[in-house]
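Q: pasting the sequence and the predicted model now:
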Amino acid sequence: MEMINPLLTEDALSLTNKTAVKGPDTGNKVDDAKLKEACQGFEEIFINMMLKEMRKGIPRSGLFPESLQKDIYTGMFDQQIAREISTGKGIGIAEMLYERLSGNLK
């Protein structure tokens, strides 16, 4: 049974409140900022999932015993690495999403 990372779940749920839906009394600058934040959040979640799947491909050596604590630590480590990678330029997914979706705001 695969554990669900509660930190990742909280991030994913917080992004639902930060969608770039244009309200009747909001300006485009606010919507652009929300859209950029949502795109960066998507890229962070994507990178985190990619790191988790890449980690599954590493052969286990038996040097460190498998434990819940190790799983929690590596999950938190992957999440922080994903956050650091996605800030700034990232891997380009957020930028491509923003360019594609920003046309819908205008």
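A: Received, thanks. Numbers count the residues shown, from 1 in each chain.
Q: work out the gap between the host helix or strand of D78 and the centre of the chain.
A: Using DSSP states H and E, D78 falls within helix 68-86. Here helix 68-86 is found 12 Å from its chain centre; the criterion is Cα atoms, centre = their mean, to the nearest Å.
Q: check stretch 73-89 too.
A: Stretch 73-89 has its C-alpha centroid displaced from the chain centroid by 8 Å (Cα atoms, centre = their mean).
Q: ditto for stretch 80-90
A: Distance of stretch 80-90 from the chain centroid (Cα atoms, centre = their mean) equals 9 Å.
Q: what does that stretch contact?
A: Q40, G41, E43, E44, I45, I47, N48, L51, I91, A94, E95 (Cβ atoms under 8 Å, 6 or more residues apart in numbering). Where you see a C-beta, it was placed from the backbone N, CA and C, and this is true even at glycine.
Q: circling back: now the element after the helix holding D78, going C-ward?
A: Criterion used, DSSP H and E; the element after helix 68-86 is helix 93-105.
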